[in-house]
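S.K.: Here is the input, now give the coordinates:
(one chain, ligands or ions: 1)
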Amino acid sequence: MLEKNQFNIPSISEKKEDSMEKLNVETRIAVPEEWEKLRDFRLNLLDDESGNSYVANSRQVREIKQRTDEQWKDILFGKDKFSVLALKDSEVVGMGRTEKKKGIWHLYNLGVKNEFRRARIGAKLTAIRLNEIKMRGGKEVHTFISKRNVPSLKNAESFGFKRVKTLLGWLKNLMILDDVNNPITTKRIEEILNER
Ligand SMILES: CC(C)(COP(=O)(O)OP(=O)(O)OC[C@H]1O[C@@H](n2cnc3c(N)ncnc32)[C@H](O)[C@@H]1OP(=O)(O)O)[C@@H](O)C(=O)NCCC(=O)NCCS
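M.R.: The predicted model follows:
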């Protein structure tokens, strides 16, 4: 039997052979008209991951479920915000949200539908967002990832994010990329965006 926090996470040995290309999945920046699809995907993912407190704790889930349509639209596409999605035919199978606060960009809400994981969709949604941040002249990028969320941590680390060593950073699960233009990040973005 799977222990708490283990379900839905394929191990490295379960890595799929299917590439995004083979699965025929499109990834791109979302347009505001797609807000309902993104909302539904996010709510379904929260239900699917409901045992995984590191995706969202119960207080956050309550808050998310109470959002009005206007709040959803603002969170996904308001000023200095953008969202990305992965589409299989017309179904959303992955998403991510991005927001600039006080000059610092933040990556939020990365999620890929369970059956589509380990096909580099999460990496592509990360690369698209970091590339867009670069194009918008951004530099420092933050993201919050639980120390127990190995897939998400590994993905962030592959782009050069580092765990913050201060107590506050540690408690808040903060990961930082000092400069999105650094060579390691740039190389990983190019590798993932050019992947077939
Ligand atoms: C985290 C998540 C988005 C990753 O999406 P994914 O499409 O499966 O990830 P990718 O196939 O693009 O993998 C990208 C990198 O992440 C790491 N990774 C992904 N899954 C992994 C796993 N099960 N074990 C170890 N590393 C993993 C690897 O470094 C991988 O790079 P590689 O392909 O060069 O080895 C997905 O597991 C998910 O939706 N989890 C539930 C929601 C969640 O935890 N979101 C993040 C909240 S902070």
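
S.K.: can you pull out the strands in the chain?
M.R.: 25-29, 81-88, 91-101, 104-112, 141-144, 162-163, 174-177 (DSSP state E).

S.K.: which residues touch the fourth one?
M.R.: Counting by C-beta atoms under 8 Å, 6 or more residues apart in numbering, the neighbours of strand 104-112 from elsewhere in the structure are 41-42, 45, 49, 55, 86, 93-100, 121-122, 125-126, 129-130, 133, 138, 140-144, 152, 155, 180. Backbone N, C-alpha and C define where each C-beta goes, glycine included.

S.K.: re earlier: please identify the one among the strands of the chain that comes closest to the ligand.
M.R.: With distances scored as C-beta to the nearest ligand atom, the stretch of the strands of the chain nearest to the ligand is strand 104-112 (3.9 Å).

S.K.: Now look at that closest one and say if it contacts the ligand.
M.R.: Yes: counting by C-beta under 6 Å from any ligand atom, the ligand has neighbours in strand 104-112: Leu110, Gly111, Val112.

S.K.: quick revisit: could the strands of the chain go into JSON lines alongside mean pLDDT?
M.R.: Below are the strands of the chain laid out as JSON lines (pLDDT from 0 to 100):
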{"stretch": "strand 25-29", "mean pLDDT": "97"}
{"stretch": "strand 81-88", "mean pLDDT": "98"}
{"stretch": "strand 91-101", "mean pLDDT": "98"}
{"stretch": "strand 104-112", "mean pLDDT": "97"}
{"stretch": "strand 141-144", "mean pLDDT": "96"}
{"stretch": "strand 162-163", "mean pLDDT": "94"}
{"stretch": "strand 174-177", "mean pLDDT": "96"}
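
S.K.: For His106, see how far away Thr68 is.
M.R.: Thr68 is 22 Å from His106, where distance means C-beta to C-beta, to the nearest Å.

S.K.: quick one, which of these two is more surrounded?
M.R.: Each of Thr68 and His106 has its neighbours counted (other C-beta atoms under 10 Å); His106 has more, 16 against 8.

S.K.: can you tell me how far that one sits from Glu33?
M.R.: On the measure of C-beta to C-beta, His106 and Glu33 end up 24 Å apart.

S.K.: okay if I get the strands of the chain as CSV plus distance to Arg59?
M.R.: Output for the strands of the chain, formatted as CSV (distance: least, C-beta to C-beta, whole Å):
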stretch, distance to Arg59
strand 25-29, 30
strand 81-88, 22
strand 91-101, 18
strand 104-112, 16
strand 141-144, 14
strand 162-163, 23
strand 174-177, 18
